[in-house]
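In: Sharing a model that was predicted from the sequence below.
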Amino acid sequence: MKKLSILAILLVGLLVLAGCSKDANDVNSAVKHTLTVTVTDEATQAAIEGATVTVDEASKTTDANGVAQFELTDGTYDITVTAEGYESKSGSVTIDGKDSTLDVTLTAGTGGSTDFVLITSNSGEETDIYVDWDYDNNIGNIAADAWGSGTTITQDSSYNNTPCWELTTGDGWGTVLAFMGDIYNVDQIAEFPVDLTADSVISFSVATTGDYDELRVKVVGEENEKEIAIDSFDNTSTDWQTVQVTTDQFSEVVPANVTQIAIIAFGGTAGTSKVYVTDYTISNAEVVIPKPQPETYTLTVTVTDDSQVAIEGATVTVNGTSKTTDASGVATFDLPDGTYTVNVSADGYANGSGSVTIDGADKSVDVSLTSLEVTSTLTVNVKNAVSGAVIEGAAVTVDGTEIVTDANGVAQFDLVDGDYTINVSANGYNTVSQDVTIAGADKTVDISLTTDAPSLFNSSFTVFNEAPITALQASYEVSTTEITEGDSSIKVTYPGDNWGGIYVEISTPVDLSSYDGGNLVFDIKLPTTIKDIGVKLEGPKGTGVQVQLANYTGTDAGNGWMTYTIPLSDLGIDLTQVAVGFGLWNPTDGTALDAWAGGDVYIDNVRFE
């Protein structure tokens with residue numbers, strides 16, 4: 001594996017993530033820690049299932065999440081990752097007293113391999129690994145500093161035809177050549193931290209002119225620092241001298257976070273003594289280079305059935321990554337540019353698939369799945385139980401699905417075979433439930449709703465002027481097309497000439513406010529001698545407005561019967577306290593009381609809608 005050489009003299013902000021590697025024979029080597037390796041596609045970030053991960057001699061295959069795990073003692077191990085259709089990658093991993101994670105991204109291809117290095121962290125955080133970095137001498141963002149008053153620095157100097165840094169001693173008591181700031185590769189302009197380990201080597205070439213006493217190398221950490229004299233330095237020579245210092249001599253500092261590496265020359269004559277430095281490297285150092293992430297865009301997949309109803313819980317897979325649709329049938333993915341395969345599956349439906357191209361913008365796709373189940377149509381007709389009129393806007397619920405009846409009072413459902421309960425509700429009507437069985441054929445169910453108004457005929461009737469009641473029934477059913485005189489009707493005989501009437505007196509006032517905006521509806525049969533009659537509701541203190549039947553147009557119900565609908569708003573009553581639910585009175589249109597004709601009046605089906 002190619003080691004990464006980092007060119008520097010003084011590095012500021014070097015983050016040491018790695019601890020010293022331990023020998024496999026260490027006394028703690030018997031304790032095992034978990035290495036979790038996650039393998040993903042470099043282009044799509046999708047998990048790669050079935051990749052082979054080999055750590056030394058042991059091999060494992062990644063699961064559906066792209067994960068393979070190994071139990072390892074402390075030490076450094078060789079690791080190789082391969083997968084069909086991808087370039088292989090290999091490198092090393094160090095286990096140092098804790099569990100570790102390694103994220104490896106594979107590049108699609110048929111050959112070649114790339115190296116990587118795993119840095120273990122004392123914090124236990126995952127390390128994002130990018131593979132292979134080809135280093136040369138092209139280092140940017142480096143500055144020089146000096147200790148000693150009057151010391152001057154020349155960056156682009158030359159000595160014996162060799163490009164180098166040049167320091168001219170100032171006051172003579174000592175100088176330091178310092179390279180400040182983060183290192184980055186000029187070609188890539190990518191900053192990254194560098195880790196020194198116990199076997200790292202600091203190397204540089206140095207030449208001096210003048211009477212320097214000694215040369216030292218200093219390593220500074222966040223808490224400690226140490227400098228050592230370079231015994232091999234010949235202060236009498238003016239030739240280039242190669243210096244190599246291993247970092248195990250700085251155990252008090254390394255591998256804690258290193259903030260400076262400095263070359264110090266002591267002595268010299270102010271203004272004439274010079275130090276030249278070049279070929280500065282740090283070998284056997286480890287580098288964590290964050291993998292650059294491509295810009296992503298949102299792919300929105302909406303899954304519906306044949307009726308365009310959202311399918312919740314469908315599985316949508318895009319290039320190996322699977323998600324489940326929400327209640328709106330939606331699953332989203334963040335993807336870089338590229339062409340992707342979309343596979344969709346759901347219980348009870350045929351699978352769907354297709355491709356989509358992301359090209360610099362968010363994208364939405366709709367997927368319709370075909371049901372695998374045979375369904376039959378259930379038709380529910382909703383009508384008024386009394387009038388037989390269709391009820392539009394009734395809520396019909398079957399198996400958790402609610403459909404509102406149309407203008408024809410119809411709601412339809414596509415159902416597989418089975419037993420179901422139909423629930424029907426509508427404003428002003430009692431709720432009705434009915435069981436139904438679907439068995440391989442369409443079915444029609446008729447449901448009639450009754451109003452939830454008070455039963456006026458269960459109240460007492462008061463008759464003025466001795467108009468007799470010949471029939472009164474507490475319960476009744478009368479179809480508007482079959483109304484006949486008989487026990488289901490109230491017959492009141494008006495003698496005529498005198499003031500008189502009939503009204504329904506409710507023992508306890510009732511609240512009819514739920515019918516605000518509704519109507520008083522009743523069936524009546526008048527003799528030909530009575531041309532008009534007054535209609536009225538009253539509150540507990542006799543409040544209300546009498547309206548004349550002649551001002552309304554009735555509907556012919558057959559056999560001399562007429563059905564009248566009078567808006568409750570016309571009757572001018574507080575609906576929260578209705579004491580007289582229905583009343584018929586002699587007309588008040590100026591007809592002389594003694595000229596009011598008598599006769600038999602039949603009343604039926606008094607109701608509120």
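Out: Perfect, thanks for sending it.
In: avg pLDDT for stretch 327-338?
Out: Model confidence over stretch 327-338, given as mean pLDDT, is 93.
In: Give me the residues contacting it.
Out: For stretch 327-338, the external contacting residues (Cβ atoms under 8 Å, 6 or more residues apart in numbering) are 43-44, 294-304, 310-312, 314, 316, 318, 321, 323-325, 357-360. Quick note: C-beta positions are derived from backbone N, CA and C, even for glycine.
In: Low-confidence ranges, the stretch 101-250 of the chain, go.
Out: 109-151, 170-197 (pLDDT under 70).
In: Just the buried ones out of the contacts of stretch 327-338, please.
Out: 43-44, 299, 301-304, 311, 314, 316, 318, 321, 325, 358 (16 or more other Cβ atoms under 10 Å).
In: Out of those residues, which is nearest to Gly400?
Out: Distance to Gly400, by Cβ to Cβ, is smallest for Ile311 among the buried ones among the contacts of stretch 327-338, at 14.5 Å.
In: is it true that the closest one touches Gly348?
Out: No: between Ile311 and Gly348 there is no contact under Cβ atoms under 8 Å: 9.1 Å.
In: Gln69 against Leu35, yeah?
Out: Yes: look at Gln69 against Leu35 with Cβ under 8 Å: they come within range, at 6.8 Å.
In: These two: which has the busier surroundings?
Out: Leu35 (22 against 16; other Cβ atoms under 10 Å).
In: What residues are bridge-paired with the more buried one?
Out: Phe70, Ser100 (DSSP bridges).
In: for Ile153, same thing?
Out: As for beta bridges, Ile153 partners with Leu167 under DSSP bridges.
In: do Val245 as well
Out: Bridge pairing for Val245 - DSSP bridges - gives Ile202.
In: That one - how many residues pack around it?
Out: Neighbours of Val245 under the rule other Cβ under 10 Å: 20.
In: got the buried residues for the helix or strand harbouring Asp366?
Out: Using DSSP states H and E, Asp366 sits within strand 363-368. Of all the residues in strand 363-368, those buried under the rule 16+ other Cβ under 10 Å are Lys363, Val367.
In: Equivalent analysis for stretch 73-81, please.
Out: For stretch 73-81, burial by neighbour count (16+ other Cβ under 10 Å) applies to Thr73, Asp74, Gly75, Tyr77, Ile79, Val81.
In: So what does Asn551 have for phi and psi?
Out: Torsion angles at Asn551 (phi, psi; degrees, to the nearest 10) stand at phi -90, psi 0.
In: quick one: contacts for it?
Out: Counting by Cβ under 8 Å, 6+ apart, Asn551 touches no other residue.
In: Local confidence estimate at it?
Out: Looking at Asn551, its pLDDT is 91.
In: Could you do Ala595 as well?
Out: For Ala595, the pLDDT comes out at 59.
In: before we move on, what about Thr437?
Out: In this model, Thr437 is scored at 94, pLDDT.
In: List the neighbouring strands of the helix or strand harbouring Phe333 plus their orientation.
Out: According to DSSP H and E, Phe333 maps onto strand 330-335. Sheet pairing of strand 330-335 (DSSP bridges) gives strand 297-304 (antiparallel).
In: can you list contacts of the partner strand?
Out: So strand 297-304 is in contact with 310-311, 314, 316, 318, 325, 328-337, 340, 342, 344, 346, 352, 356, 358, 360-369, going by Cβ under 8 Å, 6+ apart.
In: if we go to 7 Å?
Out: 310-311, 314, 316, 318, 325, 329-335, 342, 344, 346, 356, 358, 361-369 (Cβ atoms under 7 Å, 6 or more residues apart in numbering).
In: can you check stretch 560-576 too?
Out: The contact list for stretch 560-576, computed with Cβ under 7 Å, 6+ apart, reads 480, 483, 511-513, 515-516, 518-525, 535-539, 543-545, 547, 549, 552, 554-557.
In: Show me which positions of that stretch end up buried.
Out: Under 16+ other Cβ under 10 Å, the buried positions of stretch 560-576 are Trp561, Met562, Thr563, Tyr564, Ile566, Leu568, Leu571, Ile573, Asp574, Leu575.
In: what pLDDT, on average, does that stretch get?
Out: The average pLDDT within stretch 560-576 is 87.
In: Lys274 - how many residues pack around it?
Out: Neighbours of Lys274 (other Cβ under 10 Å): 23.
In: Also Glu222?
Out: Residues near Glu222, counting by other Cβ under 10 Å: 11.
In: For it, give its distance to Gln546.
Out: Relative to Gln546, Glu222 is positioned 98 Å away (Cβ to Cβ, to the nearest Å).
In: Asp337 too?
Out: Taking Cβ to Cβ as the measure, Asp337 falls 79 Å from Gln546.
In: do Ser157 as well
Out: Distance of Ser157 to Gln546, computed by Cβ to Cβ: 117 Å.
In: now do Thr209
Out: Plainly put, Thr209 is 127 Å away from Gln546 if you go by Cβ to Cβ.
In: Quick check on Leu571: phi, psi?
Out: Here is the backbone geometry of Leu571 (degrees, to the nearest 10): phi -90, psi -10.
In: quick one, domains of the protein?
Out: When the chain is parsed with automatic domain parsing, its domains come out as 19-118, 139-285, 297-368, 376-449, 456-608.
In: measure the shortest one end to end?
Out: By that I understand domain 297-368. End-to-end distance of domain 297-368: 23 Å, with Cα to Cα, to the nearest Å as the criterion.
In: ok so, going back, mind checking which of the buried residues of stretch 73-81 land in helices?
Out: Using DSSP state H, no member of these sits in helices.
In: Show me which of these is closest to Asp604.
Out: Val81 (88.6 Å).
In: per-residue confidence at that closest one?
Out: pLDDT for Val81: 89.
In: so it makes contact with Lys89?
Out: Yes: counting by Cβ atoms under 7 Å, Val81 does reach Lys89; the two are 4.9 Å apart.
In: Determine the residues that are contacts of both of the two.
Out: What both Val81 and Lys89 touch, as defined by Cβ under 7 Å, 6+ apart, is the set Val104, Leu106.
In: what residues are up against Thr242?
Out: Counted by Cβ under 7 Å, 6+ apart, Thr242 has contacts Ser205.
In: roughly how far apart are it and Phe250?
Out: Using Cβ to Cβ, we find Thr242 at a distance of 19 Å from Phe250.
In: what's the answer for Asp199, then?
Out: 12 Å.
In: which of the two has more neighbours?
Out: Between Asp199 and Phe250, Phe250 has the larger neighbour count (other Cβ under 10 Å), namely 27 against 14.
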